[in-house]
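> need a structure here:
(one chain, ligands or ions: 1)
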Amino acid sequence: MKYCRFQVNGEAQYGLVESVAGRDSIGRILLTAPEESDGDVEGLRTRRIEAIALDEAKLLAPVRPTKIVCVGRNYREHAAELGSEVPTEPLLFFKPNSALLAPGGVVKRPKISERVDFEGELCVVVGRKCHLLADGEDVRPYILGYTCLNDVTMRDIQRKEDQWARAKGFDTSCPVGPVVADGLDLDPWAGVGVETRVNGAVRQSGNTKDFIFPLDVVIRFISQAMTLLPGDLIATGTPAGVGPVVAGDVMEISVEGVGVLRNSVVDE
Ligand code: ZN
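Numbering: from 1, shown residues only. Model (predicted):
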């Protein structure tokens, strides 16, 4: 099952995405926001609406997280291309909620940077409150689903600062969406393709089976330090092939089983 968040009649609603006449469409809205529920989307009340084609809907970031936790260097080849060590335990950082950008939104390259890079990633959406998971505890009950995330980065600023708050946290640096797909549509442990295209050319082509730290290790690790809440996002790291974008470029992050997150670039 897939759902999205979208603007209709001036209001933000959560919509269920269904196939109508072979086209992904929003046919029902959820009457309870997923992040207010206990993750049991199937059990949510819905209301039928006149179907809106997904590619014609005014999509918003699919959730409103309390935090966006990111994993750095979770693919060996990406660590190597940046000349970085492979970490011995998950390397975590945050992106602020003010960085969130809707599908189709415009990434603004800040004036303070000369090199802004795309980073295509699989993103976990937390479905249930999650804290202090035990060793070996199953993390799947805490996962609502998966989406695409572009961890847009000011690479020159990242290189000169130990903390990545500026490099990874500027406004518009966190496009997310277009939909959240539940774990029936994809299984990151078995392997999910993550691809980035810039102006149609493939720049990153990875698979989550190559994670250094699989999702269960990452989620248990995070939960030892902080409580994950419904709607929180976990960006799982980017495969090799990162590179810069300039004004006029169009970035597309596709995650197998989710869809394509498309954002263009302008100079601030
Ligand atoms: Zn990243």
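> C-alpha only now, for contacts and for neighbours.
Will do.
> quick check: mean pLDDT of the helix or strand harbouring residue 123?
Per DSSP states H and E, residue 123 falls inside strand 120-126. Mean per-residue pLDDT for strand 120-126: 98.
> and the next element down the chain from it?
Using DSSP H and E, the helix or strand that follows strand 120-126 in sequence is strand 143-150.
> that next one near the ion at all?
No. Figure legend: strand 143-150 not in contact with the ion (C-alpha under 5 Å from the ion); closest approach 7.6 Å.
> helices and strands around that strand, which ones?
Applying 3 or more C-alpha pairs under 8 Å, 6 or more residues apart in numbering; DSSP states H and E, one finds that strand 143-150 contacts strand 120-126, strand 174-181, strand 250-255, strand 259-267.
> okay, those in JSON lines with mean neighbour count and distance to the ion next?
Putting the helices and strands packed on strand 143-150 into JSON lines (neighbours: other C-alpha atoms under 10 Å; distance: least, C-alpha to the ion, whole Å) gives the following:
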{"stretch": "strand 120-126", "mean neighbour count": "29", "distance to the ion": "7"}
{"stretch": "strand 174-181", "mean neighbour count": "28", "distance to the ion": "10"}
{"stretch": "strand 250-255", "mean neighbour count": "26", "distance to the ion": "13"}
{"stretch": "strand 259-267", "mean neighbour count": "19", "distance to the ion": "15"}
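> for the stretch 101-250 of the chain, what lies in contact range of the ion?
Close to the ion, as judged by C-alpha under 5 Å from the ion, the stretch 101-250 of the chain has residues 151, 237.
> please enumerate the helices of the stretch 101-250 of the chain.
155-160, 165-169, 215-223 (DSSP state H, counting those that start in this stretch).
> please name the bridge partners of residue 59.
Taking DSSP bridges as the rule, residue 59 bridges to residue 6.
> neighbours around it, how many?
When counting by other C-alpha atoms under 10 Å, one arrives at 24 neighbours for residue 59.
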